[in-house]
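A.B. asks: Here is a sequence with its predicted model. Questions after.
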Amino acid sequence: MISGLLQPALLTFLVLLPLLINGYPIFFNDSGAYLQAFTGMASFDHPLVDRPIFYSAYLYAFRTLFHTNAAAVLFQGVVFAYVATRCSRLGWQSGVRSWLPLFLILPFSYLAVMASTLMPDIWMPSALLAAYLIFNEPGPRKCFYFVVIATSVAFAPANGVIIALSVAGFFAIVLIAKVRLPKKWINLCIVVLAVLFGQGAVSLSNHYAFKVYSPIVSGSAFLYATLTRENLADDALSRECAATGAGNSICRDLPHYRNLSGNTLLWGEKWKRPIWNPENQDFLSKVNRRILAAHPAKAAAYFLKNSLTALTLFPANLDQLYSVKYNTVAGPATWLNNYGDMARFSQSMQQTRRNVFGYLKLYRLLLGALFLATIWLAIRNRLHANPAFLGFFVFGLLFTIANAAITGGLSLPDYRLNVRAVDIFVVMLFCLACGSNPSPSSQVGAETPQA
């Protein structure tokens, strides 16, 4: 019991070292949008149209209870550390070998920086591990894993699509290969219900605010911006405006929108509100269908190229994403004034030092070495016969591919979102390889009683 709590507690401390070193939760550009919650600009009555309100509510609740934004970051670090510890012990054959690699690697990883940031990104790796644990652990912990998955989906509805694709692929392989998986239908229902619970909460929130049930209100806008980035739009926007009339704000300002693409279209202050407007999403959906019908081969090639690019171990300039110094007079960081945190944020290493997280470049090299070491261990120890290792390899690989397809193929490529799946897949697979011995069992994902 003590060791079962001590290991996650120690890992929480190590995972949140970037928070402790920085002196304040790491701030990202989108953090400002989440901090708008319940400060007069965003609430359940008037949520932000480009993201659900639930992570904002999460930050607000922890800030209200504990009077610091660090409390929300601490809790998400605890959740991630717990599920990571539990998952690493699935291959436990020799004690310390199963969890020591996790403790040595994670403090210097991109995952630790992600966990220490005022963003919901770390909840996706947590949901991956929770979903796999549901298929591998008996008992009441499944309730906790259910909550982790549902929370992750409520914070970012695209997570639900990624989890659903991963579980569907994993289950299809189990059925085709006729692998014995205890209580597989019950466990499948738990994961599906968790995803539906999270998606349902977002859908109800969106219906309350925008009168639409879609969990991703501005999904058509993001896809349109993706297609324009590759010059696939041609005159599809003009043709649709001619067909439907100039009854919406986009068609009324057609000359400007016709020349915009990608991030400028989505985030330009003058243009983004009409593009995100829920009333314009049906119109943009028709435009997207026109584009895809006119250029099916080019769109498929673009989707495949971005999806494969998202699987890279070595994305460029990843360290610089979290080393930005923010303007404290204008811009997203000014929302910290509403919490009285501007002084502490201004004194953080992120604001006072250059390239605080430059070590992430070396970590990418370490990750590549871990991947090669995992292959060597798998071949040497014949881990293809080990259920914990083989099960996570299949499930994690499907998850990584699904994440690449959604965050790389169907949207503007964002390495911040891409590497979260790649990193947890490589790190956890290495830990299971270190802590696993060859097993004669061919049972993939069998439930294993844990201490």
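C.D. replies: Perfect, thanks for sending it.

A.B. asks: For the stretch 51-200 of the chain, give me the ranges with low pLDDT.
C.D. replies: 91-98 (pLDDT under 70).

A.B. asks: what are the ranges of the helices in it?
C.D. replies: Ranges of helices within the stretch 51-200 of the chain are 54-66, 70-88, 96-105, 110-115, 123-134, 141-155, 158-176, 184-210, based on DSSP state H, counting those that start in this stretch.

A.B. asks: do the same with the stretch 251-400 of the chain
C.D. replies: For the stretch 251-400 of the chain, the helices defined by DSSP H, counting those that start in this stretch occupy 254-257, 262-267, 272-276, 281-294, 296-309, 342-346, 349-352, 360-380, 387-404.

A.B. asks: what's the closest of the helices of the stretch 51-200 of the chain to Val422?
C.D. replies: Nearest to Val422, of all these, is helix 110-115, at 9.3 Å by C-beta to C-beta. (Each C-beta comes from the backbone N, C-alpha and C, glycine too.)

A.B. asks: And for that closest one, what's in contact with it?
C.D. replies: Applying C-beta atoms under 8 Å, 6 or more residues apart in numbering, the contact partners of helix 110-115 are 14-19, 26, 73, 76-77, 80, 106, 121-122, 125, 318, 322, 357, 360, 363, 419-420, 423-424, 427.

A.B. asks: Over to stretch 13-21?
C.D. replies: Residues from elsewhere that reach stretch 13-21 (C-beta under 8 Å, 6+ apart): 25-26, 70, 73-74, 77, 80-81, 103, 106-107, 111-113, 115-116, 349, 356-357.

A.B. asks: could you redo the last one with a cut-off of 6 Å?
C.D. replies: Here stretch 13-21 makes contact (C-beta atoms under 6 Å, 6 or more residues apart in numbering) with 25, 73, 77, 81, 103, 106-107, 112-113, 115-116.

A.B. asks: Mark which of the residues you listed are buried, thanks.
C.D. replies: Neighbour-count burial (16 or more other C-beta atoms under 10 Å) is assigned, among the contacts of stretch 13-21, to 25, 73, 77, 81, 103, 106-107, 112-113, 115-116.

A.B. asks: Distance-wise, check the residue nearest the centre of the chain relative to Leu360.
C.D. replies: Nearest to the mean C-alpha position of the chain, by C-alpha atoms, centre = their mean, lies Met124 at 3.9 Å. Distance from Met124 to Leu360, counting by C-beta to C-beta, to the nearest Å: 18 Å.

A.B. asks: any idea how far Lys286 is from Asp121?
C.D. replies: Distance, Lys286 to Asp121, by C-beta to C-beta: 32 Å.

A.B. asks: which of the two has more neighbours?
C.D. replies: Using other C-beta atoms under 10 Å, the more surrounded residue of Lys286 and Asp121 is Asp121, with 22 against 16.

A.B. asks: re earlier: from the buried ones among the contacts of stretch 13-21, which two are the most distant?
C.D. replies: Pro25 and Phe103 (22.3 Å).

A.B. asks: Check what pLDDT the residue lying closest to Leu304 once chain neighbours are set aside gets.
C.D. replies: Spatial nearest neighbour of Leu304, excluding adjacent residues (C-beta to C-beta, 6 or more residues apart in numbering): Gly409 at 7.2 Å. At Gly409, the pLDDT value in this model is 78.

A.B. asks: can you pull the contacts of Phe430?
C.D. replies: Contacts of Phe430 by C-beta under 6 Å, 6+ apart are 370, 374.

A.B. asks: Could you check which helix or strand contains it?
C.D. replies: For Phe430, the host element (DSSP states H and E) is helix 415-435.

A.B. asks: quick check: angle from that helix to helix 360-380?
C.D. replies: Computed with axes from the mean of the first three to the mean of the last three C-alpha atoms, to 10 degrees, the direction of helix 415-435 lies at 40 degrees from that of helix 360-380.

A.B. asks: Quick one: mean pLDDT for helix 415-435?
C.D. replies: Here helix 415-435 scores 85 as its mean pLDDT.

A.B. asks: Please report the distance of Leu260 from Pro215.
C.D. replies: Distance, Leu260 to Pro215, by C-beta to C-beta: 26 Å.

A.B. asks: should've said Gly169
C.D. replies: 21 Å.

A.B. asks: Comparing those two, which residue is more hemmed in?
C.D. replies: In this view Gly169 and Pro215 are compared by other C-beta under 10 Å, and Pro215 has more residues nearby, 23 against 17.

A.B. asks: In space, what's closest to the more buried one - neighbours in sequence excluded?
C.D. replies: In this structure, Pro215 finds its nearest non-sequential neighbour in Pro157, 3.8 Å apart by C-beta to C-beta, 6+ apart.

A.B. asks: Contact partners for the closest residue to Ser220 other than its chain neighbours?
C.D. replies: Nearest residue to Ser220, sequence neighbours excluded (C-beta to C-beta, 6+ apart): Leu284, at 3.9 Å. Applying C-beta under 6 Å, 6+ apart to Leu284 gives the contacts 220-221, 224.

A.B. asks: repeat that with 10 Å
C.D. replies: 218-225, 237, 240, 248, 250, 275-277 (C-beta atoms under 10 Å, 6 or more residues apart in numbering).

A.B. asks: Assign Val212 to helix, strand or coil.
C.D. replies: coil (DSSP: H, G, I helix; E, B strand; the rest coil).

A.B. asks: Run a quick neighbour tally on it.
C.D. replies: Val212 sits with 14 neighbouring residues when counted by other C-beta under 10 Å.

A.B. asks: can you give me phi and psi for it?
C.D. replies: phi -130, psi 150 (degrees, to the nearest 10).

A.B. asks: who touches it in this structure?
C.D. replies: So, once contact is read as C-beta under 10 Å, 6+ apart, Val212 ends up touching 203, 206, 278-279, 281-282.

A.B. asks: Okay, it and Thr85: tell me how far apart.
C.D. replies: Counting by C-beta to C-beta - Val212 and Thr85 are separated by 40 Å.

A.B. asks: swap in Leu14?
C.D. replies: Here the criterion is C-beta to C-beta. By it, Leu14 lies 11 Å from Thr85.

A.B. asks: Equivalent analysis for Leu254, please.
C.D. replies: Applying C-beta to C-beta, the value for Leu254 to Thr85 is 55 Å.

A.B. asks: what does Gly77 give?
C.D. replies: Taken as C-beta to C-beta, the span from Gly77 to Thr85 is 12 Å.

A.B. asks: so what sits against both of those two?
C.D. replies: With C-beta under 10 Å, 6+ apart, Gly77 and Thr85 have common neighbours 11-12.

A.B. asks: coming back round to it: can you dump the C-alpha atoms of the helix holding Phe430 in PDB for me?
C.D. replies: Only the C-alpha atoms of helix 415-435 are listed here, as PDB (Å, rounded to 0.1, in the frame of the first residue of the first chain):
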ATOM      1  CA  TYR A 415       4.200  19.400 -33.200                       C
ATOM      2  CA  ARG A 416       3.100  20.300 -29.700                       C
ATOM      3  CA  LEU A 417       0.200  17.900 -30.100                       C
ATOM      4  CA  ASN A 418       2.000  15.400 -32.200                       C
ATOM      5  CA  VAL A 419       4.900  14.500 -29.900                       C
ATOM      6  CA  ARG A 420       2.700  13.900 -26.800                       C
ATOM      7  CA  ALA A 421       1.700  10.600 -28.300                       C
ATOM      8  CA  VAL A 422       5.100   9.700 -29.800                       C
ATOM      9  CA  ASP A 423       6.800  10.500 -26.500                       C
ATOM     10  CA  ILE A 424       4.600   8.500 -24.100                       C
ATOM     11  CA  PHE A 425       4.600   5.600 -26.600                       C
ATOM     12  CA  VAL A 426       8.400   5.400 -26.700                       C
ATOM     13  CA  VAL A 427       9.000   6.000 -23.000                       C
ATOM     14  CA  MET A 428       6.400   3.600 -21.700                       C
ATOM     15  CA  LEU A 429       7.400   0.900 -24.200                       C
ATOM     16  CA  PHE A 430      11.000   1.200 -23.100                       C
ATOM     17  CA  CYS A 431       9.900   0.900 -19.400                       C
ATOM     18  CA  LEU A 432       7.900  -2.200 -20.200                       C
ATOM     19  CA  ALA A 433      10.800  -3.700 -22.100                       C
ATOM     20  CA  CYS A 434      13.100  -3.200 -19.100                       C
ATOM     21  CA  GLY A 435      10.700  -4.600 -16.600                       C
END
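
A.B. asks: Alright, I will stop here.
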